[in-house]
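Chemist: need the 3D shape of this:
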Amino acid sequence: MIRKLVIDLLLLALLANGQFMSSHSRSFSSFSTGGGVTDGDSKIILTPHGMSQDDEENRIVIPVHDGFIPPLPCMMANAGTHEHGSTFTKNNFHYQCNNGTAEVIACISDDGAVVQLGRTYVNQGVRHKCNVQGDSVTYEQEAMCFENGIHYEIGDSFRNGSFKLTCRKEGIVIEGCYLQNSLNTILMPGESRIVDGKRHECQDMGPGKVRYTVKSRTFQVVITKLIFA
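Modeler: Residues are numbered from 1 along each chain as shown. Predicted structure coming up:
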């Protein structure tokens, strides 16, 4: 009698709005049982999920003697065959073969870093998550902003010298200029204002470039901020 092992694997990739997500449903093994073939022996035929047991190039036949079933290897489409207890990587997931079941034990970021289950890893403006929800493991990577050694979430605003910056999906943008000696007063790009006889200008110099100047009859202060895409 043929016992067939079915490895259930689901991989989903989504790339939108600067976010990538890949998910894996933990696979479970199942096979049918029946009578012997010859001399009381039987066999197990393993195939990757979705492939026919008649496909001789993508199957493994394991003899079963006297009812003893040896530890089963894992077979995955486009990932080869892996012995029980071994580990291997496919796409953004690191697996361990557990008696025919390929179990996710970690996520792998695109730069090769190992992200443990349930953990988050941030590097160079990209946040990597390895989430566990029930029987599913999901790997996500999301763009962040990185400025002066600090990571910022999309939508966060922060101050850098005389400039107000905001983290957007497309990167860091300059929202305006802080008025000299002020904590909260902001000039929008293209705006100017006279305060105490001095002209304060927040000049829009083109994409990613803003200049803040303070002018009086006796001096001029010029501060320029560049943002590279």
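Chemist: so what's residue 82 up against?
Modeler: Residue 82 is in contact with 73-76, 88, 95, 97, 102, counting by CB atoms under 8 Å, 6 or more residues apart in numbering. C-beta: built from backbone N, CA, C; applies to glycine.
Chemist: in JSON lines, list those along with neighbour count.
Modeler: Converted to JSON lines, the contacts of residue 82 look like this (neighbours: other CB atoms under 10 Å):
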{"residue": "73", "neighbour count": "20"}
{"residue": "74", "neighbour count": "28"}
{"residue": "75", "neighbour count": "22"}
{"residue": "76", "neighbour count": "19"}
{"residue": "88", "neighbour count": "17"}
{"residue": "95", "neighbour count": "24"}
{"residue": "97", "neighbour count": "22"}
{"residue": "102", "neighbour count": "25"}
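Chemist: from those residues, pick the one nearest residue 109.
Modeler: When these are compared for distance to residue 109 (CB to CB), residue 95 wins out at 15.9 Å.
Chemist: picking up where we left off before, can you put the contacts of residue 82 in TSV and add secondary structure, distance to residue 42 and pLDDT?
Modeler: Listed next are these as TSV, based on DSSP: H, G, I helix; E, B strand; the rest coil; distance: CB to CB, whole Å; pLDDT from 0 to 100:
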residue	secondary structure	distance to residue 42	pLDDT
73	coil	17	86
74	strand	21	84
75	strand	19	78
76	strand	24	77
88	strand	28	90
95	strand	28	93
97	strand	22	91
102	strand	24	86
